[in-house]
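> Sequence first, then the predicted structure, then my questions.
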Amino acid sequence: MNPRARAIRQMTERLSREAFPRLQMALIVALTGGFGLIASFVLLRLGLDAMALRYPLALCCAYGFFLFLV
């Protein structure tokens, strides 16, 4: 087996044994979506009624939060 394939196999085994990448990604996606919903709600409460503005702003907030989590 070549060194690259061995390194990939070792890393895959290590991640499966020591970390939970699927759980971590699911949590990051759920938190990002929740933050986007909360951002939209807060913007609505602040008086931004226009969905054409509120949704892109909430999306930018959620993307910023995603980058913060990663």
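Cool, got the structure. Keep in mind the model is a prediction, meaning the values are calculated, not measured.

> contact partners of the helix or strand bottoming out on mean pLDDT in the chain?
Here the helix or strand of the chain ranked lowest by mean pLDDT, DSSP states H and E is helix 3-18, holding a mean of 89. Residues outside helix 3-18 that contact it (CB atoms under 8 Å, 6 or more residues apart in numbering) are 1, 21. To be clear about C-beta, it is placed using only N, CA and C from the backbone, and glycine gets the same treatment.

> residues of the strand or helix carrying residue 60 that come out buried?
In this structure, residue 60 sits in helix 51-69 according to DSSP states H and E. Within helix 51-69, the residues scored as buried using 16 or more other CB atoms under 10 Å are 54, 58, 61, 62, 65, 66.

> hmm, back to that, could you give the separation of the least confident helix or strand of the chain from the chain centroid?
Chain-centre distance of helix 3-18: 24 Å, with CA atoms, centre = their mean, to the nearest Å.

> One more: stretch 54-61?
Centroid displacement of stretch 54-61 relative to its chain, using CA atoms, centre = their mean, is 15 Å.

> I'd like the average pLDDT over that stretch.
Mean pLDDT, computed over stretch 54-61, is 97.

> Residues contacting it, please?
With CB under 8 Å, 6+ apart, stretch 54-61 has contacts from 35, 36, 37, 39, 40, 43, 44, 48.
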